Structures are given as C-alpha cells and as structure tokens.
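K.L.:
Attaching a predicted model along with its sequence, questions to come.
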Amino acid sequence: MSAIEKRIPIRTPSGTFNVWTRQVGEHPTKKLLLLHGGPGATHELFENFEAYFSPDEIELYFYDQLGSHHSDQPDEPSLWQVGRFVDEVEQVRQALGLDANNFYLLGHSWGGILAMEYALAHQQHLKALVISNMMSSCPGYNAYAHEVLMPTMDQSVLAEIQGFEAAQDYNNDRYLDLLMEHHYVHHVLRMPADAWPDAIVRALEHINQSVYIPMQGPSELGMSGTLSNWDRSGDLHLINVPTLVIGAQHDTMDPKHMVWMAQQMPNAHSVICPDGSHLANYDDPEHFFAGLKAFVSEVDSAV
C-alpha cells in the first residue's frame, strides 16, 4: 500500500511539539485512527493491520503519541496526564480532517483508556469506537491479576519475580526471563518468545520508559503508576456512539469484564477472541479482524 507520513504540531502547556502519523489506504467514510498502548509504546503494535485490510477497504491512520518513538519526546513529566493526551487526540483529529461522517477510533490497552476518555469528552466527532483489550477499571485490572492470573503461576516463580520487584531490580535478566517464560507468552502474546513478530520486538524496544513508568508503573504484573486508580466503569452508559469491545480469553484483562462493559453502553457489543491474549491481533487474528471488519462494515452500511 502507498503511505503518506505527516507530522502534526501539538499545542501543550509546555510548548508545541510534533507527533508522527502515517496514512495507508483511502476511503471517504471509513477512516480508522489507531491509539497504541503503553503508555509510551508505538504504532508498531498495529503493523499487521495492513495485511488484513485492502487499501480501498479502509483508511488507516497509524500514530505515535507524544513521547513515543517516532514523535517528539520532550522531557516534560507534566505532559504525561490523561487529559493532556485526550486534547492531543482531538488536535490530531482536526489536523487529519476526521469527523462524525468517517471517524472510527480504536484504542488498544492504554490506548483503550485514551479512547474511552476521548469518547466521553468528544463523542460528537466520532462515527464509532473500538475498545481493544482494556478494562474500564484499573483497580479491576489489578484485582484480576492478583486474584486470577497470579494464582495460576508457579508460586516459587511468582515469589522470585516479586522479590525482584521488591528490590526494584526491574532490568535484571533473570527477572525479564521469568516474566517472558511464565507470563508474557501466556497472557501478552501466545507465541514462543523466539517467534514473536519483528514489529512487536521493535515496539517493546522502543517503549519510552519516561512515559511508561510514571503512568503504568515499573511492574508487569499490575499497575502502580498514576493510572492505577483510573476507573470509568460508572460512566460507560454515557458513550452513545456505536462501540465494539474486543477482549481475549487469555488476556491480562478479564474477558468477562469486557463483555460486561459492552452491556453498559446503549449501542455496543463485544467480541472475545477465544485463542488470543493481550495482543490478540497477532495471536488470534482470525477472530480479532473478523469481528473488527464486520463492525466497521455494519456501522458504515447503517448510515
């Protein structure tokens, strides 16, 4: 597919910075802006979208949020706030000329938080919303990790992992190897570690820890940063635009909660990928993309 790269100036309280976007495909009524996870990760997590959409089927917008690898990375800790990111997405929307006649917004993981917040603030500009692999409650996410996921791990391994975390030894090779073997390949991407796609390896290498750690926290078995108390479960009923919630059976996010989320919104439904985990677009693409493409087509044909 031909691609158009564009750097968009973003006004912030600390000055104006540029974010990177890449357009692939062209369509008058189906334009999909992708919000990556992290925080501080990259659009590379979505690279396989190009293999599942033809260039005349949808207009894809890949986008690195401020602080992420292809965009400016200011050393301004005050910028890493949810509301500031929501304002950034609105500025990107305006710069790309997206509106309620064509604007589909998909957020994955942290991007799902951002997508929910954007919808609650600006849903008049949305045609449809997709919340992918993100619960509406970070305390609920932490509870699921502690009450469901951790008990299924080898408890001696869990104790060793927690020992590294207590010592704040997050870069220890042994710690990283244990997480990969006992957590990542089961709940983040269900593939042997040496078979992970290059796009995912690059995305992990490119995470900006200066954004990730303050917001998510340093531990991979739960959230302890500024997002740890974020909860919009009680506000989901305010999201009126057509919405798809995508979860996965083996995700770090509770699939039952994902179904519940869709039930709280007046115009939503859910798809649970039976073979997928947190990166279900890679380890269960059959169900992920079938659900996404059907939703986009249904919304487009209903207008």
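P.N.:
Cool, got the structure.
K.L.:
next one: the helix or strand where residue 159 lies to chain centre, how far?
P.N.:
According to DSSP states H and E, residue 159 maps onto helix 155-166. Centroid separation for helix 155-166 versus its chain: 27 Å, with C-alpha atoms, centre = their mean, to the nearest Å.
K.L.:
Mind listing what's buried along that helix?
P.N.:
158, 161, 164, 165 (16 or more other C-beta atoms under 10 Å). C-beta coordinates here come from the backbone N, C-alpha and C atoms, glycine included.
K.L.:
I'd assumed residue 177 was in contact with the second one.
P.N.:
No - because the distance of 10.3 Å does not satisfy C-beta atoms under 8 Å, residue 161 is recorded as not touching residue 177.
K.L.:
which element follows the helix or strand that residue 215 is a member of toward the C-terminus?
P.N.:
According to DSSP H and E, residue 215 maps onto helix 209-216. As assigned by DSSP H and E, the chain's next helix or strand after helix 209-216 is strand 243-248.
K.L.:
Okay, angle between the helix or strand following that following strand and strand 243-248 too, please.
P.N.:
As assigned by DSSP H and E, the chain's next helix or strand after strand 243-248 is helix 255-264. For helix 255-264 against strand 243-248, the angle by axes from the mean of the first three to the mean of the last three C-alpha atoms, to 10 degrees is 170 degrees.
K.L.:
next one: the helix or strand that comes right after helix 255-264 to chain centre, how far?
P.N.:
Next helix or strand after helix 255-264 toward the C-terminus (DSSP H and E): strand 268-273. Put simply, strand 268-273 sits 16 Å off its chain's centre (C-alpha atoms, centre = their mean).
K.L.:
so how far is residue 281 from residue 253?
P.N.:
14 Å (C-beta to C-beta, to the nearest Å).
K.L.:
With residue 149 instead?
P.N.:
21 Å.
K.L.:
just to revisit the earlier point, which helices and strands does whichever helix or strand comes after the helix holding residue 159 pack with?
P.N.:
Once helix 155-166 ends, the next helix or strand along the chain (criterion: DSSP H and E) is helix 173-179. Packed against helix 173-179 by the contact rule (3 or more C-beta pairs under 8 Å, 6 or more residues apart in numbering; DSSP states H and E) you find helix 155-166.
K.L.:
Quick one: residues in contact with the helix it packs on.
P.N.:
150, 170, 172, 174, 175, 178, 179, 182, 183, 218, 219, 221 (C-beta atoms under 8 Å, 6 or more residues apart in numbering).
K.L.:
and the helix or strand hosting the first one, which residues are buried?
P.N.:
Same thing as residue 150. Per DSSP H and E, residue 150 falls inside helix 150-152. By neighbour count on 16+ other C-beta under 10 Å, the buried set for helix 150-152 is residue 150.
K.L.:
Any idea how many residues pack against the closest residue to residue 302 other than its chain neighbours?
P.N.:
Once flanking residues are discounted, residue 302 sits nearest to residue 242: 7.7 Å by C-beta to C-beta, 6 or more residues apart in numbering. Residues lying near residue 242 (other C-beta atoms under 10 Å) number 22.
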